[in-house]
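Undergrad: Provide a 3D model corresponding to the input given below.
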Amino acid sequence: MKVNVWFCQCGDNIAAKVNREIVEQELTRIPQVACRSVDFLCSEEGKQALALDLAESRPDRVVIAACSPREYEATFRKVLGEAGLNPYYLQMVNIREHVSWVTPEPAAATAKALRLIHAGIARVRHHEPLMVREVDANTDAVVIGAGPAGLKCARTLAEAGRHVVVVEKTPVLGGLPVRYEELFPNMECGACLLEPLLSEVMHGRYAENIELLTISEVVEVTGYQGNFIVKVRRRPRFVDAHACIGCGECIPPCPVSIPNEFDCGLGQRRAISFPFAGALPNAPFIDEGACLRAQGENCSRCVQACPVPSAILLDDHEELLERKAGAIIVATGAALYNTAKLPEFRDARRPGVYTNLEFERILAANGPTNGEFRIPEDGRIPRTVAIIHCVGSLDPEHVPYCSGVCCGAAFKLSHLAATRSPDTRFHHLYKELVLPGKEEFLVYAKVRQNPQITMERYTRIAELVPDAALGSQRIRYFKPDGSAEWLAADMVVLCPAIVPASGLANLAGTLELAMDRFGFLEEYHGRTDSSRSKLQGVYLAGGCQAPADIQRASNQGMAAAGYVLSGLVPGRRLEVDPVRARVDKTRCSGCRICPPVCPYRAITMPADDAGAEVNELLCQGCGTCVAACPAGAIRAAHFTGAQILAEMEALLQ
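TA: Have a look, this model is predicted:
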């Protein structure tokens, strides 16, 4: 078997330590091995020389001794393919990073390089011809979640001509920001900020490419990148959002009142209602469990009050929809840590104790108090307010990380409330202050200059005790010097850590996505690929991957859209890299060890136990299953046992 070795001197990077002449002399002593050196093999001249040599000498295998295969293996494989050789007849030996850069003595470096090249020659003799396979791909997408990240992604894909299905489990679009009166740091109205995006998604030029499924959840996903089948359970809204004119005439006659979950239970709503004023779609929904019809009563007052015939659909029913897509984007948002898990806050009860999200709704014009700064339950205007940062955060027993956005939200809330009640005093208790960004300091500066607002560092909250007689709360906390202090407040606002949204674990199970130690969806790489999951074709945006503000969530939505647009191009078939695991079914015993160890969920076991099956579109060739298989039935293409053993034997001689 004829093997050609190309030795790249890489300027002085390799030539300064590895003696080219000694390498050539030693290698030419090996039968059927030819060696040639060049200054820069990756240059255009070098690649042309390589292609010419391959065309003339027609070797059976090629070894390139140069730099890292991460940088140029794909380049040299392309040269082999264009010269008529199978690209996988190539073996690269890294003598720059592995030898020249780390071995100071030239003689030792030359000997080490020779040994590595010998190993590469031994290995490449066992290389097999592999072929890249192509499959058809669907270029549509499913976006799970209709917050800023999901909507931004959906609009971008729709503008590119892709069909997008947006699945949102609530009756309203926009996520949490549409419930905020003003947003940190520039005090922009949340609903106003998102209104142009919502308008484009619902009624814009490309809205026909977007299918909005509210009150819906993804319940099953099968397939792989380019060919997903997504099943969505759409619960009934009981109102035709297209026919309804949003007049609200159906709401006052409804005899049922229940706590409004969109106001965090601080206000009431009817069984048929809008989530809140200004919510989109501009159509109410009926809470099926609260409606009198669920108790067997034949109530139809909303239908009688509605001026639009057939706008209210009391016979609406649940549907199981099926959609095909090439990519899935998860943008489900995040939630607040349950403060009841903290012993110091287990006795905290309303009135007077609220989370920062509840306080947002109290200050919102469409909230339970119509924007008036007062305690919702008794109408009192608080004279003192304590805002506790880092509730549950930076605590190894609860949430060890910092959410990064809570401080800005806390300062914004005290700034807003102080402008509405000049006589109220606000006291911030914080563990650490985190205000990243070029504008975030603006609100902080205003807070620092406001005589109504004071700030103090604490290390631990010992207890929060309600004083029923005075209608206030007493907080005992420890200062950095170890001393304990008491603080009395009419209202306490807790800023809990941001954690994964409820139901994210179930969705991760449905999509077979990995989760990190904090319960968020695990990204492909936390720094360079945070918008990709470890499953091919599934992308992440916003709070499902880590705590995120609107800017980061929107940017991740755009990044996810970019991945979809570049990976799934109309008319282009998906290429399947042949460096994948393969199963010898004659040796497979059906032990089922390999499916759970695969980090990419690429291995399945058929119902008839005929042997494990590897989905080549999902497999990344990591070899975990190969190592785990007790029968040696799984083989890693291009990393077979024969190839690796031959390389090791030559290296150790």
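Undergrad: make it CA atoms for all contacts and neighbour counts henceforth
TA: Noted.
Undergrad: close enough to count as contact, residue 185 and residue 443?
TA: Yes. The pair residue 185 and residue 443 passes the contact test of Cα atoms under 8 Å, sitting 6.2 Å apart.
Undergrad: Pick out whichever of these two has more residues nearby.
TA: Legend: neighbour count by other Cα atoms under 10 Å for residue 185 and residue 443, higher for residue 443 (22 against 18).
Undergrad: In a strand, that one, correct?
TA: No. Residue 443 is assigned helix when assessed by DSSP: H, G, I helix; E, B strand; the rest coil, not a strand.
Undergrad: picking that back up, mind listing the shared neighbours of residue 185 and residue 443?
TA: Taking Cα atoms under 8 Å, 6 or more residues apart in numbering as the criterion, residue 185 and residue 443 both touch 408, 412.
Undergrad: what about the helices in the stretch 201-350 of the chain?
TA: Assigned by DSSP state H, counting those that start in this stretch, the helices in the stretch 201-350 of the chain fall at 301-305.
Undergrad: which stretches of it have low pLDDT?
TA: 347 (pLDDT under 70).
Undergrad: For residue 101, which non-adjacent residue is spatially closest?
TA: residue 13 (7.4 Å; Cα to Cα, 6 or more residues apart in numbering).
Undergrad: list the buried ones in whichever strand or helix holds the one you found?
TA: Take DSSP states H and E as the rule and residue 13 turns out to sit in helix 12-15. For helix 12-15, a neighbour-count test (16 or more other Cα atoms under 10 Å) marks 13, 14, 15 as buried.
Undergrad: Looking at those, which is nearest residue 526?
TA: The nearest member of those to residue 526, counting by Cα to Cα, is residue 13 at 31.5 Å.
Undergrad: Please report how far the spatially closest residue to residue 626 that is not a sequence neighbour lies from residue 188.
TA: Nearest residue to residue 626, sequence neighbours excluded (Cα to Cα, 6+ apart): residue 634, at 5.2 Å. Going from residue 634 to residue 188 by Cα to Cα, to the nearest Å gives 57 Å.
Undergrad: So which of the two has more stuff around it?
TA: More crowded of residue 634 and residue 188, by other Cα under 10 Å: residue 634, with 26 against 13.
Undergrad: now residue 246: how far from residue 195?
TA: Distance from residue 246 to residue 195, by Cα to Cα: 17 Å.
Undergrad: ranges for the strands of the stretch 151-300 of the chain?
TA: Remark: strands assigned in the stretch 151-300 of the chain by DSSP state E, counting those that start in this stretch are 164-167, 210-213, 216-224, 227-234, 257-259, 268-270, 272-273, 285-286.
Undergrad: just these: most buried one?
TA: Mean neighbour count (mean count of other Cα atoms under 10 Å) peaks for strand 164-167 among those, with a mean of 25.
Undergrad: helices and strands around it, which ones?
TA: strand 141-144, helix 148-159, strand 210-213, strand 216-224 (3 or more Cα pairs under 8 Å, 6 or more residues apart in numbering; DSSP states H and E).
Undergrad: for the chain, which residue is closest to the average position?
TA: In the chain, the centroid-proximal residue (Cα atoms, centre = their mean) is residue 540; its distance is 2.7 Å.
Undergrad: For stretch 519-534, measure first residue to last.
TA: 15 Å.
Undergrad: let me redo that: stretch 433-448
TA: 13 Å.
Undergrad: Ok, stretch 238-250 next?
TA: 12 Å.
Undergrad: List the buried residues for it?
TA: Across stretch 238-250, burial judged by 16+ other Cα under 10 Å covers 238, 239, 240, 241, 244, 248, 250.
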